[in-house]
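In: Give me the fold of what follows.
(4 chains, ligands or ions: 6)
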Amino acid sequence: MDLRVSLPGLELKNPILPASGCFGFGREFSEFYDLNELGAITIKAATGEGRYGNPTPRVAETSGGMLNAIGLQNPGVKRIIEEELKFLEQYDTPVLANVAGSTEEEYVEVARALGAHHRVNALELNISCPNVKEGGIQFGTDPTLAASLTRAVKSVSEVPVYVKLSPNTGDIVEMAKAVEEAGADGLSMINTLVGMKLDLATGRPILANGTGGLSGPSIKPVAIRMVYQVSQAVSIPVIGMGGVTCVEDVLEFLLAGASAVAVGTANFQNPMICPELIEQLPDLLESYGYDSIHACIGRSFRHEETSLSGT
Amino acid sequence: MDLRVSLPGLELKNPILPASGCFGFGREFSEFYDLNELGAITIKAATGEGRYGNPTPRVAETSGGMLNAIGLQNPGVKRIIEEELKFLEQYDTPVLANVAGSTEEEYVEVARALGAHHRVNALELNISCPNVKEGGIQFGTDPTLAASLTRAVKSVSEVPVYVKLSPNTGDIVEMAKAVEEAGADGLSMINTLVGMKLDLATGRPILANGTGGLSGPSIKPVAIRMVYQVSQAVSIPVIGMGGVTCVEDVLEFLLAGASAVAVGTANFQNPMICPELIEQLPDLLESYGYDSIHACIGRSFRHEETSLSGT
Amino acid sequence: MLKKDDMHILQNKMIADNTFEMKLTGRFVNLMKQPGQFLHIKVGDGTSHVLRRPLSIANVDHHIVTVIYKIVGKGTKWLSERKIGETVDVIGPRGRGFPIEEIRNEHIVLIGGGVGVPPLYYLGRKLVQQGNTVTSILGFQGRDGVFYEDAFRQLGETLITTDDGSHGYKGRVTDLIGELDQDVTQYFSCGPKPMLKGVSETFTIPGFISLEERMGCGVGACFACVCETTDPEDSKGYRKICQDGPVFRAGEVVL
Amino acid sequence: MLKKDDMHILQNKMIADNTFEMKLTGRFVNLMKQPGQFLHIKVGDGTSHVLRRPLSIANVDHHIVTVIYKIVGKGTKWLSERKIGETVDVIGPRGRGFPIEEIRNEHIVLIGGGVGVPPLYYLGRKLVQQGNTVTSILGFQGRDGVFYEDAFRQLGETLITTDDGSHGYKGRVTDLIGELDQDVTQYFSCGPKPMLKGVSETFTIPGFISLEERMGCGVGACFACVCETTDPEDSKGYRKICQDGPVFRAGEVVL
Ligand SMILES: Cc1cc2nc3c(=O)[nH]c(=O)nc-3n(C[C@H](O)[C@H](O)[C@H](O)COP(=O)(O)OP(=O)(O)OC[C@H]3O[C@@H](n4cnc5c(N)ncnc54)[C@H](O)[C@@H]3O)c2cc1C
Ligand SMILES: Cc1cc2nc3c(=O)[nH]c(=O)nc-3n(C[C@H](O)[C@H](O)[C@H](O)COP(=O)(O)OP(=O)(O)OC[C@H]3O[C@@H](n4cnc5c(N)ncnc54)[C@H](O)[C@@H]3O)c2cc1C
Ligand SMILES: Cc1cc2nc3c(=O)[nH]c(=O)nc-3n(C[C@H](O)[C@H](O)[C@H](O)COP(=O)(O)O)c2cc1C
Ligand SMILES: Cc1cc2nc3c(=O)[nH]c(=O)nc-3n(C[C@H](O)[C@H](O)[C@H](O)COP(=O)(O)O)c2cc1C
Ligand code: FES
Ligand code: FES
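Out: Ligands and ions are numbered 1, 2, ... in the order given. Okay, here's the model as predicted:
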């Protein structure tokens, strides 16, 4: 079955890509499989200067999920370009580069540099990192700020810009519409929910940062709901993510309206998850009566037009 | 160990109570154990007139949690008083009565009637039900509306009023402060996160209502985080809930700042959960070196003052 | 106080395509007297599955209760992997079953489809014990799915239908209702909603039907499993399937 | 391509208080040559646990790898319940171990505390094989927690300390460092951070230490397990414990 999906800047041979921050810059996973198998590669957030991030412990396991408070550790945009994008030259898989910052200026600077690089096919504007004091989520919970940031980044980026939305908001559709109007070419959603776990022995949070971002199967129902609501309200494509662990989850995100599906936390339990999903997807689609990947995208809400005969 | 906790209107012999909507009006669980064992009983939401609620299916299981869209089905405040509160006369456990409505008038009417009943010790203002078209969560995501409703209900209620907060907001602390200022005597949190699950065979949401409220272990990290943040920001007590399934979870909520802990979804898997938790709590507290229930409440953030010698 | 027990698995074997028969014993088997009631069974380890699974009582004999289930998802898959000697955590018997105590010397027809067949077996046995004549019409998807055919034949005349005609009559159970003896006095039916609707619309004699719905608590506390009453004047206007049902008088609730 | 395998459990038995020894075999055992590396092990069924658990290689012998683990939470509890003949899903060997290839004819001291002891056994065996003299100082909470004492004695002089004095010396491993022979040339240590700090501050000779940190990916991709370098001019400024470590030259990273 043809799994190709064509999105702004991203010609995907299949709809599966790793989620930012769960895949580094690809190097480590290239020891497990050929990165050319992937639909695209989302690389770890880049900031202007290198950052050390938060103190450790930075991760904690929860029931059906995990918390992380990495704090955007990365070597800075310059070294990412010099070392990491250089490493990725050997692959032809599209690269979606995650952009972060503390100020609008920093976002713009990073977006300009990454967007100009020939190995970057699109940017993912991370306005939803819950683990840094400045920037990140504060842009992602205020539609006006988010729109203004999107506009600024769009004005300097040579490639399409996807805005990565935070689920920590009362009205995700309002956010999505605001950034669409500001020129976003696509959305990616969801980032993590803010959570906490306490160490019963010390009485303190397990994460040194106190709070962290909740990811994994726990958050999938929230992600599906948001993708379902947003993909109907906007006309730009959505990259869906949040809790994918099996090929059925991929189909659920497609049905909800995602045009591609990113896999985050599941890479930790199973480093082979992405190629396995890619391999399993055609059979699954077929077993539910779909003859193409496009037949299922958004079927949950455009049901009447497309209801399959015989299923 | 003395497990008593004294809260506005509620003299609890222990800090464990069932969460609203997961326990009906107590009748069914009274076949499993003596309701007098409970710290308190939270009864199902009451509205002015009886309501049938949403079409079925109304529940769906998710990974480590469940979705529900009951839609506030209840026999109406009059019959609740005549039939259900009457049934509860035989017990001396305090009753926390959950109050809902589509309009401020309806909330006020219900609060007036329930608050005047001798068997009701406090009201729980449900401004966080995600499963009804009108009322419910719309009051719970706008601090101004929430405050005005709280004020209106307070002005007619003869008993203390707890406001039940929705986690579907970008700023839970702002919500909490708004209702505290409006006169709330306590908070209960969290209600469910809005989620969705799709049926892969039909392509449609499993719940007839489309979206539903996510509860169970999945949401515990979000609940702990919110209780932790809110209990430091307000000076009224918090009843914590969200994903409790074992006695360690109870301690985690207490450490986070809850003064009592409600159990919702876990009643479905184990109808004996509440008395089991009550029985296990003293040993657990002791094993972590606490000599009273009050020593652990809020320890996560008032750590310096209270750090235990030897642990 | 009510019944929750770790019941011992005496048998758990595949008896048809993806369909298992599990035999359990425990303290409360002697309470499982009314056919049509169900067991509410905990599945999975820890908190992976927060909801129990309702399965009908298919038989009770010599202190052993039988359930028959089809693998449709993770919970029934997990159940199918349980081994003899292990225990399962069961609440039950729950709900109201078929009201048959007074029924004597009648000719009853049992109509079941798929996983609606199991409760009819215990029902049929009881009816026969009470001196009634029983005719069974059982519908399955195909030959590989058929189970308990001989067991039903021992109770009385038994007609099998399959969707694909691979066994018995090709078609639906409702196709055979017209061919029944005129002396049939009541019907009892369990199966998917469309079948129940068809059955209750075809018959003119009184009957009882058993419904399925996704359940939360399974004990009547959460209002997950309601259905509407047909009588708009009914004082409640609804029934809880887990508590007031799963068996209702045909016509009592909206299908 | 890298190593992920369903390894077969040959043994899984309690060898001290809440402490288990598990023996595994599989395709990649021959790659597990460097002491100090770890296996990253999937625990739980399905998605109940999203993170793997890192456990040090305690020994490799005749195509069998040993890990020794203490039950501290749900994952290790789950592991302890695995039976012979079952498989566990393992990524590994991961990380950089102790750099001992060139070490010959030296007197090495191994200092371990609690679950830091296991990797030192494989290390000690290799060192002895290469013609070195080994002295081990092993700290435990109490007598019931002591394991592998005889095994270490076969490698060389072995001193045991317990917090409560119930076995060996009462006190900490650092208390015994002063009593070591003057000819000791290097130390290798693994245990809780405070112990490593004490050890590296007490010694004046060079040494290597093995660190623990909560891990996400375990392969170097997520930045969960970093620690700072002591050299502020270091080009990266940090090390990933799962990839650059868990073994570091004493003084290389901030403790
Ligand atoms: C009163 C009653 C009696 C039943 N008796 C039998 C029986 O004897 N044999 C048998 O094979 N099946 C019976 N069923 C259906 C059985 O409960 C479901 O097939 C089973 O719960 C599916 O669980 P799962 O985890 O395998 O499927 P999943 O789809 O993974 O389950 C997810 C959730 O949906 C619920 N669910 C899914 N399908 C159904 C359904 N058809 N009815 C109710 N809940 C459902 C599950 O209980 C669970 O909460 C009965 C249902 C009811 C309500
Ligand atoms: C490189 C390395 C080697 C190790 N070698 C051994 C060994 O040989 N034997 C042994 O008994 N233990 C060893 N540990 C510690 C071991 O990984 C933890 O005890 C184990 O992960 C606890 O899992 P749990 O599910 O039982 O505990 P839980 O507390 O339920 O685990 C929850 C989460 O916290 C993590 N976690 C908890 N404690 C630790 C810890 N001390 N270090 C790292 N992560 C932790 C778990 O991995 C999991 O992600 C090692 C740790 C590291 C980093
Ligand atoms: C350890 C970790 C680090 C992450 N880092 C980033 C990041 O740098 N940028 C970003 O946009 N999202 C980051 N995320 C969020 C993921 O990309 C993803 O949106 C989220 O984890 C939900 O998907 P999942 O449930 O499949 O993990 C991170 C997530 C994890 C678990
Ligand atoms: C089936 C169901 C019905 C509920 N009904 C109500 C309700 O009527 N009023 C209310 O305030 N909360 C209601 N809730 C929310 C719970 O009281 C509780 O806040 C939530 O489920 C989180 O706790 P838990 O994870 O322990 O279930 C309901 C939850 C469930 C699962
Ligand atoms: S399942 Fe809860 S009322 Fe029936
Ligand atoms: S655990 Fe992910 S980088 Fe070390």
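In: residue ranges of the helices in the stretch 1-150 of chain A, please?
Out: Along the stretch 1-150 of chain A, counting by DSSP state H, counting those that start in this stretch, helices occupy A:77-79, A:86-88, A:104-115, A:137-140, A:143-156.
In: for the stretch 151-255 of chain C, same thing?
Out: For the stretch 151-255 of chain C, helices defined by DSSP H, counting those that start in this stretch occupy the ranges C:193-202.
In: and the residue of it nearest chain D?
Out: Of all residues in the stretch 151-255 of chain C, residue C:214 sits closest to chain D, at 21.1 Å by Cβ to the nearest Cβ. Glycine gets a C-beta too; all of them are placed from N, C-alpha and C.
In: Residue B:67 is in contact with that residue, correct?
Out: No. Here residue C:214 does not reach residue B:67: they are 10.4 Å apart, not a contact under Cβ atoms under 8 Å.
In: Name the residues contacting each of these two.
Out: B:59-60, B:206 (Cβ atoms under 8 Å, 6 or more residues apart in numbering or on different chains).
In: And the helices in the stretch 151-300 of chain A?
Out: Here the stretch 151-300 of chain A has its helices, by DSSP H, counting those that start in this stretch, at A:172-181, A:220-233, A:247-256, A:266-269, A:273-287, A:293-296.
In: Looking at the ones you listed, which is nearest to chain D?
Out: So among these, helix A:266-269 is nearest, using Cβ to the nearest Cβ, at 4.7 Å.
In: Can you classify the residue of the stretch 51-200 of chain C found nearest chain B as helix, strand or coil?
Out: Closest to chain B within the stretch 51-200 of chain C is residue C:51: 4.9 Å, counting by Cβ to the nearest Cβ. What DSSP: H, G, I helix; E, B strand; the rest coil gives for residue C:51 is coil.
In: Not including adjacent chain positions, what is the nearest residue to it?
Out: For residue C:51, ignoring the flanking residues on the chain, the nearest one in space by Cβ to Cβ, 6 or more residues apart in numbering or on different chains is residue B:61 at 4.9 Å.
In: Spell out whether stretch C:89-96 and ligand 1 are in contact.
Out: No. Using Cβ under 6 Å from any ligand atom, stretch C:89-96 stays clear of ligand 1, with a minimum separation of 6.6 Å.
In: who's in contact with that stretch?
Out: For stretch C:89-96, with Cβ under 8 Å, 6+ apart as the criterion, the contacting residues are B:271, C:2-7, C:24, C:26, C:28, C:31-32, C:34, C:36-42, C:52, C:54, C:57, C:218-219, C:241-247.
In: Give me the below-cutoff pLDDT ranges for the stretch 151-255 of chain C.
Out: By pLDDT under 70, the stretch 151-255 of chain C has no low-scoring segment.
In: Now it against ligand 6: closest residue?
Out: residue C:216 (38.5 Å; Cβ to the nearest ligand atom).
In: That residue: what's it in contact with?
Out: Contact analysis of residue C:216 by Cβ under 8 Å, 6+ apart lists B:22, B:58-59, B:66, B:68, B:268, C:51, C:222, C:224-225.
In: for residue C:242, same thing?
Out: Contact analysis of residue C:242 by Cβ under 8 Å, 6+ apart lists C:40, C:54, C:94-95, C:215, C:217-220, C:225.
In: Can you give me the neighbour number for residue 221?
Out: In the absence of a named chain, this looks at chain A. Neighbour count of residue A:221, defined by other Cβ atoms under 10 Å in any protein chain shown: 30.
In: you looked at the wrong chain, it should be chain C
Out: Close neighbours of residue C:221, defined as other Cβ under 10 Å, add up to 25.
In: Apart from its chain neighbours, what residue comes closest to it?
Out: residue B:24 (3.6 Å).
In: At the contact with ligand 5, which residues of chain C appear?
Out: Residues of chain C lying close to ligand 5 by Cβ under 6 Å from any ligand atom are C:215-218, C:220-225, C:240, C:242.
In: Just give me the longest strand of chain C.
Out: If you go by DSSP state E, chain C has its longest strand at strand C:4-16.
In: Now do that one: which elements does it pack against?
Out: The contact analysis (3 or more Cβ pairs under 8 Å, 6 or more residues apart in numbering or on different chains; DSSP states H and E) places strand C:4-16 against strand C:19-25, strand C:64-70, helix C:74-80, strand C:87-94.
In: about what we covered before: turn the residues of chain C next to ligand 5 into CSV, including distance to ligand 1.
Out: Formatted as CSV, the residues of chain C next to ligand 5 follow (distance: Cβ to the nearest ligand atom, whole Å):
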residue, distance to ligand 1
C:215, 6
C:216, 8
C:217, 11
C:218, 8
C:220, 13
C:221, 16
C:222, 12
C:223, 15
C:224, 9
C:225, 7
C:240, 11
C:242, 7
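In: Need the nearest residue in space to residue A:57, chain neighbours excluded.
Out: Once flanking residues are discounted, residue A:57 sits nearest to residue D:214: 4.4 Å by Cβ to Cβ, 6+ apart.
In: mind listing what the one you found touches?
Out: Residue D:214 makes contacts with A:56-60, A:206, D:224-225, as judged by Cβ under 8 Å, 6+ apart.
In: The residues you listed: which ones sit near ligand 6?
Out: Counting by Cβ under 6 Å from any ligand atom, D:224-225 from the contacts of residue D:214 sit close to ligand 6.
In: What about the contacts of residue D:214, which are in strands?
Out: Per DSSP E, those map to strands at A:59-60.
In: Just flag the most distant two among the contacts of residue D:214.
Out: Pairwise distances across those peak at 14.3 Å for A:206 and D:225 (criterion: Cβ to Cβ).
In: Please identify the buried residues of stretch C:149-164?
Out: Neighbour-count burial for stretch C:149-164, counted by 16 or more other Cβ atoms under 10 Å in any protein chain shown, picks out C:149, C:152, C:155-156, C:158-162.
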